[in-house]
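S.K.: let me see the structure of the following:
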Amino acid sequence: MGSDAQQSALIDTAVDLGTTGPDSTFGNGGLDVLAADHSLLDSPDFSLTATGVPAEVGALHGFSGPVRLSRSGLPKAVTTSWSQKQVTAPGSSIRRVKTSGETPSAPRPSH
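M.R.: Residues are numbered from 1 along each chain as shown. Purely as a prediction, here's the structure:
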């Protein structure tokens, strides 16, 4: 994790002292180190972009571990699969979508 992320966590979780917002007397406020630590732990380690093919997994905050890909919320007639079910960030996997004959189709435009 980089020093920029740590600095941001300390500023974002500081307890306001004096007037609201940063000021010349108290700066960003009092440090809440526990809140800053929790905010860093709660931060995602990776990003996933799956708007196209392939799905891209990006590393955040120095993360370089495996990311397991899955899917949910699909209609019964739709199935998907990944070329790689687990990707080490940064990396990518191709998503395949299969539909059955029972999948509703959009109405055809009339001319």
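
S.K.: quick one: pLDDT of the closest residue to residue 15 other than its chain neighbours?
M.R.: Nearest non-adjacent residue to residue 15, counting by CB to CB, 6 or more residues apart in numbering: residue 30, 4.5 Å away. Backbone N, C-alpha and C define where each C-beta goes, glycine included. With respect to pLDDT, residue 30 has a value of 88.

S.K.: just give the number of residues close to residue 30.
M.R.: When neighbours are defined as other CB atoms under 10 Å, residue 30 has 10 of them.

S.K.: would you confirm that it contacts residue 18?
M.R.: No. Counting by CB atoms under 8 Å, residue 30 stays clear of residue 18, with 10.1 Å between them.

S.K.: now the strands for this protein?
M.R.: 46-49, 55-59, 66-68, 78-82, 86-88, 91-93, 95-99 (DSSP state E).

S.K.: below-threshold pLDDT in the chain: ranges please.
M.R.: Within the chain, the ranges that satisfy pLDDT under 70 run 1, 42-53, 101-111.

S.K.: repeat that for 50
M.R.: The model of the chain has pLDDT under 50 over residues 103, 111.

S.K.: domain parsing for it?
M.R.: Domains of the chain are assigned by automatic domain parsing as 1-43, 44-100.

S.K.: so what sits opposite residue 91 in the bridge?
M.R.: residue 57 (DSSP bridges).

S.K.: contact partners for it?
M.R.: Residue 91 makes contact with 56-57, 84, according to CB atoms under 8 Å, 6 or more residues apart in numbering.

S.K.: most surrounded residue in these?
M.R.: residue 57 (23 neighbours).

S.K.: ok, residues contacting stretch 28-47?
M.R.: 1, 5-6, 9-17, 22, 57-61, 63, 65, 67, 89.
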